[in-house]
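K.L.:
Make a model of this:
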Amino acid sequence: MHEKMDEKKDNAKFRIDKWLWAARFFKTRSLAVDALECGKILCNGVRVKPAKSVAVGDMLSIRLGPYQFMVEVLALSSKRGPAPQAQMLYSETEESLLRRKALSDELKAQPMPTFPGGRPTKRDRREIEKLKGGVW
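P.N.:
Presented below is the predicted three-dimensional model:
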């Protein structure tokens, strides 16, 4: 009887890289591993390795580009499913939602960079390479 309880405890935890992939924060597990190794993901405020176990109730801080997600783990899954199913694995905090929305609006309000003459010509590209120190 104790063995079954131990099995349930082992099954109640998953590797954080698999969970991030299953929750669709990253397109591949290798991208999730890279983000973990670079310190872009914190589990309960602590930098973690890809093999770290994640449990229900853990708070994750996930930085994707300019955006910062603060999520609570609600369910565990190591299988990648459809997006609506993946969104049921976590709950994002209100503060995180508001901050991401504000940043998104701010980024949309900024003008898109344009080049004065459009796309650089071959001659322009060679001049740019000279300035950068390239060999031409």
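K.L.:
and the residue lying closest to residue 53 once chain neighbours are set aside, what does it touch?
P.N.:
Spatial nearest neighbour of residue 53, excluding adjacent residues (C-beta to C-beta, 6 or more residues apart in numbering): residue 13 at 3.8 Å. Just so you know, the C-beta spots here come from the backbone N, C-alpha and C atoms, and that holds for glycine as well. Counting by C-beta atoms under 8 Å, 6 or more residues apart in numbering, residue 13 touches 53, 54, 55, 76.
K.L.:
what's the distance between residue 13 and residue 48?
P.N.:
13 Å (C-beta to C-beta, to the nearest Å).
K.L.:
still on that earlier bit, looking at the contacts of residue 13, spot the one nearest residue 21.
P.N.:
residue 54 (11.7 Å; C-beta to C-beta).
K.L.:
In the sheet, which residues pair with that closest one? Tell me.
P.N.:
Taking DSSP bridges as the rule, residue 54 bridges to residue 14.
K.L.:
Could you pull out the buried residues of the helix or strand hosting residue 85?
P.N.:
Secondary-structure assignment from DSSP states H and E places residue 85 in helix 83-87. For helix 83-87, the neighbour count (16 or more other C-beta atoms under 10 Å) marks residue 86 as buried.
K.L.:
just stretch 97-113 next, same as before
P.N.:
Under the neighbour-count rule (16+ other C-beta under 10 Å), stretch 97-113 has residue 100 buried.
K.L.:
Next, count neighbours for residue 125.
P.N.:
13 (other C-beta atoms under 10 Å).
K.L.:
Next one: it from residue 116, what distance?
P.N.:
15 Å.
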